[in-house]
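S.K.: can't give you the sequence, but here's the structure:
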C-alpha cells in the first residue's frame, strides 16, 4: 500500500487510509500477515497464489510462507502452490477450477487424517481375465 506505482493502490486509500500517515500505517501493520508471524505452533496451512494477480503479487504469499517456515515451531504441513496461469480469482475454465477444488479437498482430507498414502483397494490397472474365466472358442 506504500507503493503508489502498483495499480489500484491509491484507490484503496479511500477505504483503508493512506499508510504514509502513521495512524493508518500502524493499523495496517497490526493485521499484516508477514509482520505478525511469531515463533509458535501453526496449524496445517495451504497457501495459494496466482502469478498474474494484479492485487496480490505472487511474491507476497511466498514471503509469508518463507517467514513461517523459518519461524514456526511445529512439523505441521505448510504448502505453497503458485498457479502460473491464474489471476486474483484463481484459474479460468471449469475443469481447471475443479482441479483446484480437488487439491483443496485432498489437503483437508490429508490434514484430517482421512487420506491414506496407500492406493485404494481395487485401484490400478484392470486385470485381464484368467483362462478359466474366458469362454472357450471352438
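M.R.: The structure has been received and is ready for your questions. On a predicted model such as this, the values are computed, not experimentally measured, just so you know.
S.K.: For the rest of this, base every contact and every neighbour count on C-alpha atoms.
M.R.: OK.
S.K.: domains for the protein, by residue range?
M.R.: Per the TED database, the domain ranges recorded for the chain read 1-32, 40-112.
S.K.: of all these, which gets the most neighbours per residue?
M.R.: Most buried of those by mean neighbour count (mean count of other CA atoms under 10 Å) is domain 40-112; its value is a mean of 15.
S.K.: starting at the chain centroid, how far to it?
M.R.: Offset of domain 40-112 from its chain centre (CA atoms, centre = their mean, to the nearest Å): 1 Å.
S.K.: what about that domain, how long is it end to end?
M.R.: End-to-end distance for domain 40-112: 21 Å, by CA to CA, to the nearest Å.
S.K.: re the thing from before, let me have the domains of the chain in CSV, adding mean pLDDT as columns.
M.R.: Formatted as CSV, the domains of the chain follow (pLDDT from 0 to 100):
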stretch, mean pLDDT
domain 1-32, 90
domain 40-112, 88
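S.K.: Check whether residue 47 sits in a helix, strand or coil.
M.R.: Counting by DSSP: H, G, I helix; E, B strand; the rest coil, the backbone at residue 47 sits in strand.
S.K.: any idea how far it lies from residue 98?
M.R.: 17 Å.
S.K.: Work out for me the element the nearest residue to residue 17 once chain neighbours are set aside sits within.
M.R.: For residue 17, ignoring the flanking residues on the chain, the nearest one in space by CA to CA, 6 or more residues apart in numbering is residue 24 at 5.7 Å. In the assignment (DSSP states H and E), residue 24 maps to helix 22-30.
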